[in-house]
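> Mind folding the following:
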Amino acid sequence: MSKIKVAIIGCGTIANHAHIPSYMKNEDAEIIYFCDINRERAEKAVKDYECGKAITDYRELLNDPEVDAVSICTPNNVHASIAIDCMKAGKHVLCEKPAARTYAEALEMQKVQHETGVTLNIGVVNRFNTSVNRIKDMIQGGELGELYHVYVSFRAQRSIPGLGGDFTTKAVSGGGVLIDWGVHYLDIVMYCAGDPEPRTVSGQAFSKLGKDMKNYAYLNMWAGPPKYDGTYDVDDFVTGMIRTSGPTISLNGAWAQNIGVSETYIDFLGDKAGIRLQYGADFKLYSAQNGALLETIPQFKEGNHFQNEIDSFIACIRTGEKLPSHIDTVILSSKMIQAIYDSSDNGREISF
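Presented below is the predicted three-dimensional model:
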């Protein structure tokens with residue numbers, strides 16, 4: 001059976017950190033294009049990985065019948081347009097998170113997926129994380145009892161990425177800490193809770209500590225260095241409350257805050273037990289038995305969630321399996337994020 005031929009669109013950090021190495025380790029995949037508007041980055045990928053052809057315009061690969069699938073690893077503002085063009089050309093798509101800048105763009109992506117029938121998965125990689133899947137199984141198996149509330153914290157003291165660049169320019173990114181970090185946390189909650197339907201959303205997004213860019217104090221900056229002549233018009237702190245058909249969800253997130261403690265965890269509260277998941281790490285189970293309070297740290301072998309994601313994407317192209325990362329499921333996260341921003345802008349609760 002011939003290999004699935006893949007094109008990488010966008011050869012930046014996430015492509016080199018996760019997508020490309022994972023495809024290289026998959027015996028059923030072969031990368032035949034590296035595309036980036038910066039030719040040097042595309043050519044460097046060809047040289048580093050010793051395969052593929054470097055191009056600067058993704059439209060060049062649309063008419064190549066050899067290309068079966070693409071990974072979209074570009075800034076958020078072109079996720080929708082590239083994904084739609086690729087699907088219309090019959091290419092299967094794995095698009096990095098978030099699906100798009102806005103819920104409307106995500107809906108258009110979903111519409112085209114339904115029209116074309118090709119795969120459209122979104123890079124919500126935690127759905128392929130061993131810890132997250134164990135928590136999902138425990139919740140669905142009734143070990144927590146009734147899951148009635150989930151608290152989400154994704155807060156850091158000074159972690160605004162690339163001040164003045166794409167991450168902090170709303171026209172490119174669609175938002176700040178909520179759409180960049182919050183999308184992962186909210187998606188974990190929805191996945192573990194069985195993807196309940198959101199009913200009401202209330203939120204407030206703040207742009208406070210980064211807007212005075214030259215006086216923004218920090219120790220290091222991922223996606224940097226700062227561009228002080230650039231734009232900063234996104235949220236660096238967000239708070240929200242979501243009612244769903246399942247548990248309620250509350251959240252606090254910060255790229256930057258005047259508290260020197262990073263708190264990146266999710267609390268799942270059930271009437272029989274509770275779980276605290278440390279983001280990207282292990283979790284603890286809290287319960288009571290025979291009049292005693294118990295604290296359990298499960299031990300198990302962790303897999304590589306990026307590799308799991310890529311392997312599952314390649315496999316589903318052959319089988320037609322609908323993965324948990326399919327646009328039909330993940331679009332709920334876009335819906336909630338949009339509602340939080342809309343609630344903040346309009347100063348009122350959003351109902352569905």
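
> Which neighbouring elements make contact with the top helix by length along the chain?
As assigned by DSSP state H, the longest helix anywhere in the chain is helix 327-346. Using 3 or more C-beta pairs under 8 Å, 6 or more residues apart in numbering; DSSP states H and E, the elements in contact with helix 327-346 are helix 103-116, strand 120-123, helix 183-192, strand 198-206, strand 237-244, strand 350-351. To be clear about C-beta, it is placed using only N, CA and C from the backbone, and glycine gets the same treatment.

> Export those as JSON lines, with columns for mean neighbour count and distance to residue 68.
Listed next are those as JSON lines, based on neighbours: other C-beta atoms under 10 Å; distance: least, C-beta to C-beta, whole Å:
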{"stretch": "helix 103-116", "mean neighbour count": "18", "distance to residue 68": "14"}
{"stretch": "strand 120-123", "mean neighbour count": "27", "distance to residue 68": "14"}
{"stretch": "helix 183-192", "mean neighbour count": "25", "distance to residue 68": "26"}
{"stretch": "strand 198-206", "mean neighbour count": "19", "distance to residue 68": "34"}
{"stretch": "strand 237-244", "mean neighbour count": "21", "distance to residue 68": "37"}
{"stretch": "strand 350-351", "mean neighbour count": "16", "distance to residue 68": "39"}
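
> Select, out of the ones you listed, the one closest to residue 22.
Nearest to residue 22 among these is strand 120-123; the distance by C-beta to C-beta comes to 11.3 Å.

> Please enumerate the helices of the chain.
Using DSSP H, helices in the chain cover 13-14, 20-25, 39-49, 59-62, 79-88, 103-116, 130-140, 170-173, 177, 183-192, 305-319, 327-346.

> Can you say which of those helices is nearest to residue 124?
The nearest among those, by C-beta to C-beta, is helix 183-192 at 4.5 Å.

> how much space is there between the nearest residue to residue 196 once chain neighbours are set aside and residue 338?
Nearest residue to residue 196 in three dimensions, chain neighbours excluded: residue 246, at 3.3 Å (C-beta to C-beta, 6 or more residues apart in numbering). Residue 246 sits 20 Å away from residue 338, going by C-beta to C-beta, to the nearest Å.

> That'll do, ta.
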